[in-house]
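Build the 3D model from these lines:
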Amino acid sequence: MALLENNFPTFMQGFGYTLLSSIIALIGSMILGTGFAIMQIMPQVWIRKIGNIYVQIFRNIPLLVITFFFFLVVSKYVKMSGFTSGTVALMLYTSAFIAETVRAGILSVDAGQMEGARANGLSFGQALRFIILPQAFRVALPSLGNQFINLVKNSSILAFVGGLDLMYQGNMIAATTFETFSTYIVVGIFYLIITLPLSYYMQHLERKLKHAA
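Predicted coordinates for the structure are as follows:
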């Protein structure tokens, strides 16, 4: 395809930025999401409230609004590029959904296991780390896989703030070549290159954990 050959470096640059944003946001959202999931099941009421407020805020505000908030408002006080603004927004937005997923996984573990761990001398944190969370992640894995795939697709939000991602580069190529249909077919294929292996890997990991159990 001539379009791909003529614009291959541009497509690859966008692919690289999309991949980088997705990896950063995935790692960050997993850390934040797990942290806020734990906060929502803590014994202290005020900690639970903070965790719940965070989740409710970022779950119920559109990703585009969060992105523009960082790009147009926060960037006035803290220097942020379009790529950084979009990636931070993507991380915070996804972390709220991951928090709910992990929290549901934690709550699915029998409460007696926490009581038994505490009775055997483990602290609350140790019981979570060694007993509860491994089981919670196993239960939550299918939903987490869906969140990871959604995160990659949602990374196209960077195009709205000049994030140099795959969708942004596709828009630029389509505007200059007027080959709109072909351009977005190629963009879609590049997204599949990321999401399909991720989907298959999550399915493989899920089957592996089921057999291990």
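
what about Leu151, which helix or strand?
Secondary structure assignment for Leu151, by DSSP states H and E: helix 133-154.

Remind me what that helix packs against, helices and strands.
Here helix 133-154 touches helix 8-39, helix 82-108, helix 180-212, going by 3 or more Cβ pairs under 8 Å, 6 or more residues apart in numbering; DSSP states H and E. Using the backbone N, CA and C atoms, a C-beta is placed for each residue, glycine as well.

Tell me which other helices or strands the shortest one touches.
Pointing back at helix 82-108 there. Counting by 3+ Cβ pairs under 8 Å, 6+ apart, helix 82-108 packs on helix 8-39, helix 45-59, helix 63-68, helix 133-154.

between those, which one is nearest to Glu100?
Within the helices and strands packed on helix 82-108, the stretch nearest Glu100 is helix 45-59; the backing value is 6.2 Å (Cβ to Cβ).

Could you dump the helices and strands packed on helix 82-108 into CSV with mean neighbour count, distance to Tyr200 and mean pLDDT added?
Output for those, formatted as CSV (neighbours: other Cβ atoms under 10 Å; distance: least, Cβ to Cβ, whole Å; pLDDT from 0 to 100):
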stretch, mean neighbour count, distance to Tyr200, mean pLDDT
helix 8-39, 19, 16, 96
helix 45-59, 15, 28, 96
helix 63-68, 17, 26, 97
helix 133-154, 18, 10, 92
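
Switch those over to TSV; also include distance to Ala111.
TSV is the format used below for the helices and strands packed on helix 82-108 (distance: least, Cβ to Cβ, whole Å):
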stretch	distance to Ala111
helix 8-39	16
helix 45-59	16
helix 63-68	35
helix 133-154	12
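
Quick check: which of the ones you listed is nearest to Ile189?
So among those, helix 8-39 is nearest, using Cβ to Cβ, at 9.6 Å.

relative to helix 45-59, how tilted is the closest one?
Calculated by axes from the mean of the first three to the mean of the last three Cα atoms, to 10 degrees, helix 8-39 forms an angle of 150 degrees with helix 45-59.

hang on, the earlier thing: and of the helices and strands packed on helix 82-108, who's closest to Thr176?
Going by Cβ to Cβ, the one of the helices and strands packed on helix 82-108 nearest Thr176 is helix 8-39, 9.8 Å.

Which of the helices and strands packed on helix 82-108 sits closest to Ile106?
helix 133-154 (4.4 Å).

Dump the closest one to CSV, restricted to CA.
Extracted as CSV, the C-alpha positions of helix 133-154 are listed here (Å, rounded to 0.1, in the frame of the first residue of the first chain):
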residue,chain,number,x,y,z
LEU,A,133,-4.4,-9.7,47.1
PRO,A,134,-3.0,-12.7,45.2
GLN,A,135,-6.5,-14.3,45.3
ALA,A,136,-8.2,-11.0,44.5
PHE,A,137,-6.1,-10.5,41.4
ARG,A,138,-6.8,-14.0,40.2
VAL,A,139,-10.5,-13.3,40.4
ALA,A,140,-10.2,-9.8,38.9
LEU,A,141,-7.9,-10.9,36.0
PRO,A,142,-10.6,-11.1,33.2
SER,A,143,-11.9,-7.6,34.1
LEU,A,144,-8.4,-6.2,34.4
GLY,A,145,-7.6,-7.5,31.0
ASN,A,146,-10.6,-5.6,29.6
GLN,A,147,-9.4,-2.5,31.3
PHE,A,148,-6.0,-2.8,29.8
ILE,A,149,-7.4,-3.1,26.3
ASN,A,150,-9.7,-0.2,26.9
LEU,A,151,-6.7,1.8,28.1
VAL,A,152,-4.9,1.3,24.8
LYS,A,153,-7.9,2.3,22.8
ASN,A,154,-8.6,5.3,25.0
